[in-house]
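> Give me a model of this one.
(one chain, ligands or ions: 1)
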Amino acid sequence: MKKFISILGSTGSIGTQALKVIQRLGYTVSALSAFRNIDLLEKQVRAFRPALVSVYDETAARELRERLKRFKDVTVLSGKEGNLAVATEPTADMVLTSMVGMIGLEPTIAAIRAGKDIALANKETLVCAGQLIMDLARKKGVNIYPVDSEHSAIFQCLQGKRNNTVKKIWLTASGGPFRGFTRDQLRHVTKEQALHHPNWSMGAKITIDSATMMNKGLEIIEARWLFDVPQKDINVAVHPESIVHSMVQFEDNAILAQLGVPSMEIPIQYALTYPDRVETEDALLLDPFEKSLHFERADDTTFPLMSVCRKALDMSGLMPAVANGANEAAVELFLNDVIDFYQINEAVESSFAAFSANKQTYTIKDVIEADQTARFHVYAKYL
Ligand code: MG
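Sure thing, here's the model as predicted:
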């Protein structure tokens, strides 16, 4: 079946790879959104001819509208409303959420409310409002398909499990560019080093999150919601080759794993074509003779943000949104050379004390407020 797909965040790393997959599959693009990279967005519009595009930045949207004047059948919107329109574009069967950060929350919720299946690449959304999103998806009969490689691996391992109980989830982690570093060494690393991931080519925010291991913390929270497994049953195994994308341990202690080359194209495609598997390129074939596989325990002391995320899950309610908001603000400050690498840890660790209004039942408005409070705490601390 050929599907109609809308993409939130089409000019980022996941968005561009998704369009490559969509082209290979012969699917139709219903709508696209970007933050402000209109040079790339213009090319995408010319190639895929969506009926609707949105650019978050108002000025850039005006410029794109001018450039696409000749395309009478393409509407160009902007701002928050533009994102919501892309999320709910009527012809789409599925929305791929690949924008970066908590800004993806409202469009994701709008897409679920409109009954669209979700290919979830925006993990921050599920981290911040997991309970709310999963409840809403159930109510609307909407499927959420993971795109994150670890969660796609788990999802694949769970196919055909019938009524078997998942005993443990094993999330694998590459360990990032600073695997094996000491705390002291981490105090002197540069932005260039942090942005140089050994295995994966990704956007700047997630690459920094991989270097601090916050990414794995966020993925623990993401897994908790996607697979309804308590955090204590989610283990992390550092696996430097990034070939085993994650594992599931069942009640009989059998462990299933999914293996593949470190490319996002396979998990993106599986989310789009599920339950079918469709041919990909030979370049995406793993040669098992080429690699040895290694596994190590994660170093929670040198990389404290995984434990901070576990604590946020234990406290539950709005605390994951607080940890995520503080991290987004801290990574932004780090990328703008305002703080050092290790201060990202301090910023996130200290954010819990800045938020005293936790509650277990919450609205979208509460999540946005918790996020804002955490960001403000970080900006006030360092600016
Ligand atoms: Mg991942």
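> What residues does the residue sitting furthest away from the middle of the chain make contact with?
Most distant residue from the mean C-alpha position of the chain: R70, 35.1 Å away (Cα atoms, centre = their mean). R70 sits next to no residue when contact means Cβ atoms under 8 Å, 6 or more residues apart in numbering. For glycine as for every other residue, the C-beta is placed from the backbone atoms N, C-alpha and C.
> And the strands in the stretch 101-250 of the chain?
For the stretch 101-250 of the chain, the strands defined by DSSP state E, counting those that start in this stretch cover 117-120, 144-146, 166-173, 234-238, 244-250.
> I'd like the distance between the residue in the stretch 101-250 of the chain that the ion sits nearest to and P90.
At 4.3 Å from the ion, D148 is the closest residue in the stretch 101-250 of the chain, using Cβ to the ion. From D148 across to P90, the span is 28 Å (Cβ to Cβ, to the nearest Å).
> same check, this time on F250
Noted for F250: a distance of 41 Å to P90, by Cβ to Cβ.
> So which of D148 and P90 has more stuff around it?
Comparing D148 with P90 by other Cβ atoms under 10 Å, the one with more neighbours is D148, at 28 against 11.
> I255 touches V248, doesn't it?
Yes - taking contacts as Cβ atoms under 8 Å, I255 lies within contact range of V248: 6.9 Å.
> who touches both of these two?
Common contacts of I255 and V248 (Cβ under 8 Å, 6+ apart): W170.
> These two: which is more packed in?
Taking other Cβ under 10 Å, I255 and V248 do not tie; V248 has more neighbours (24 against 13).
> That one and I234 touch, don't they?
No - checked against Cβ under 8 Å, the pair V248 and I234 is beyond contact range at 10.7 Å.
> Overlap in contacts, those two.
Taking Cβ under 8 Å, 6+ apart as the contact rule, V248 and I234 both touch K168, I169.
> what distance separates the start and the end of stretch 195-210?
End-to-end span of stretch 195-210 (Cα to Cα, to the nearest Å): 9 Å.
> so what are the domain limits for the chain?
4-146, 149-311, 316-383 (automatic domain parsing).
> what helix or strand does the nearest residue to R67 once chain neighbours are set aside sit in?
With sequence-adjacent residues excluded and distances taken as Cβ to Cβ, 6 or more residues apart in numbering, R67 is closest to E42, at 5.6 Å. Using DSSP states H and E, E42 falls within helix 38-48.
> Contacts for that helix next, please.
Contacts of helix 38-48 with the rest of the structure, by Cβ under 8 Å, 6+ apart, involve 10-11, 16, 19, 22-23, 29, 32, 34, 53, 55, 60-61, 63-64, 67-68, 71, 74.
> Same question for stretch 150-165.
So stretch 150-165 is contacted by 145-146, 166, 169, 171-172, 219, 222-223, 226-227, 244-248, 250-251, 256-258, 266-267, 270-271, 275 (Cβ under 8 Å, 6+ apart).
> Flag every buried residue along it.
Buried residues in stretch 150-165, counted by 16 or more other Cβ atoms under 10 Å: E150, H151, S152, A153, I154, F155, Q156, C157, L158.
> check the residues you listed against the ion, which are close?
With Cβ under 5 Å from the ion as the criterion, the buried residues of stretch 150-165 include E150 near the ion.
> Give me the subset of the buried residues of stretch 150-165 lying in helices.
Mapping the buried residues of stretch 150-165 onto helices (DSSP state H) picks out E150, H151, S152, A153, I154, F155, Q156, C157.
> doesn't S356 fall inside a helix?
No - judged by DSSP: H, G, I helix; E, B strand; the rest coil, S356 forms no part of a helix; its state is coil.
> Can you give me the neighbour number for it?
S356 is flanked by 7 other residues according to other Cβ under 10 Å.
> that older thread, which residue, other than its chain neighbours, is closest to the residue of the stretch 101-250 of the chain closest to the ion?
Spatial nearest neighbour of D148, excluding adjacent residues (Cβ to Cβ, 6+ apart): K123 at 5.7 Å.
> Bridged to D117, which residues?
Judged by DSSP bridges, the bridge partners of D117 are M94.
> Enumerate every residue touching it.
D93, M94, V95, V142, N143, I144, Y145.
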